[in-house]
Structure formats: structure tokens, C-alpha cells
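Engineer: Need a 3D model of the following:
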Amino acid sequence: MTKKYKILAKYIKDLSSETPNIETYLFVKDHISQYQLGIDITSKALKNKVIEINTTLKFEDKKENKQKSYFEIIFATIIKMNEDTKDKKELEKIILCDVQIDIYPDLEKSLLDVLHNSGYPEIKIEKKIDFENLYNQRFN
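Structural biologist: Residues are numbered from 1 along each chain as shown. Below is the predicted model:
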């Protein structure tokens, strides 16, 4: 099966790592296992069947702690759709699933690099995101 799109470019559009002070850093170092990974995907049609897809990963503490760090990366992917792709459902699956599967290794590595360089070298993302499953859940 041939791909119905081509990735023209992918890059880090925005990056944030915020730890306000040493007390917060020490607190977060002990509690970072409670942090959760969140994902958000948006897209915007450009022209000539070109689409910009922004995939945002946030690694944050959902609890009401006063001391917390904040990590976010927005990864932009520019794709060009094949001429024969017209179906809205098919396009949705490409944006929310297929492209995500293609770019996720780079995106995850970029986020882990930020976390490691922010002083949390022991962080790993154990659970891989199953984009196929997430996409299918939307309709059930």
C-alpha cells in the first residue's frame, strides 16, 4: 500500500521546560513518577493539499501541588496529500494516526532530551502511545 501523503518538513515549533527554583526541582525529582503525558493534535490546511499538523506533548503534574515543573513540546509536521485523497474520514485518520506513528519516535526523543537536559536523566516513557487505538476510540 502506498502512502497517501508525503512529509515535507518536521520541526520543533515550541519548547518549554519550566522549573522555577531549586526547591521545586528537588520536590519534582522525588515526585516526577506522578507526572502524566498528555497529547493534543491540531491541523490547519495550507494551500495546494499541504497541511500543517501540530502535535503537542505535555508532561505535567495533574495534582494540586504548589511545586511543579512544566514540560511541553509542540512538534510541527508539514505534509502534502496525494491528489486522490478526498475523503474526510481518510484525511482524519492520516492526520491523527498515520502521521503520528511516523513522527512519534522523533517527538518522543525530543521530549526525553528536554527532560534529561532539565535534570531528570532517569525519566523514560514506558508506555508507547497507540495512535491506532486512540483513533478508533474516538468513534466508539
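Engineer: hey, let's count contacts and neighbours off CA atoms from now on
Structural biologist: Noted.
Engineer: Next one: residue 50 from residue 9, what distance?
Structural biologist: Taking CA to CA, to the nearest Å as the criterion, residue 50 is separated from residue 9 by 11 Å.
Engineer: what's the overlap in contacts for the two?
Structural biologist: Both residue 50 and residue 9 are contacted by 78-79, under the criterion CA atoms under 8 Å, 6 or more residues apart in numbering.
Engineer: higher neighbour count, the two?
Structural biologist: Counting neighbours by other CA atoms under 10 Å for residue 50 and for residue 9 shows that residue 50 has the greater number, 18 against 11.
Engineer: Show me where this structure has its helices.
Structural biologist: Taking DSSP state H as the criterion, the chain contains helices spanning 22-31, 88-93, 99-117, 131-137.
Engineer: tell me the contacts of residue 27?
Structural biologist: 67-68.
Engineer: Please apply the same query to residue 91.
Structural biologist: By CA under 8 Å, 6+ apart, residue 91 lies in contact with residue 85.
Engineer: top strand in this protein by residue count?
Structural biologist: Under DSSP state E, the strand in the chain containing the largest number of residues is strand 5-18.
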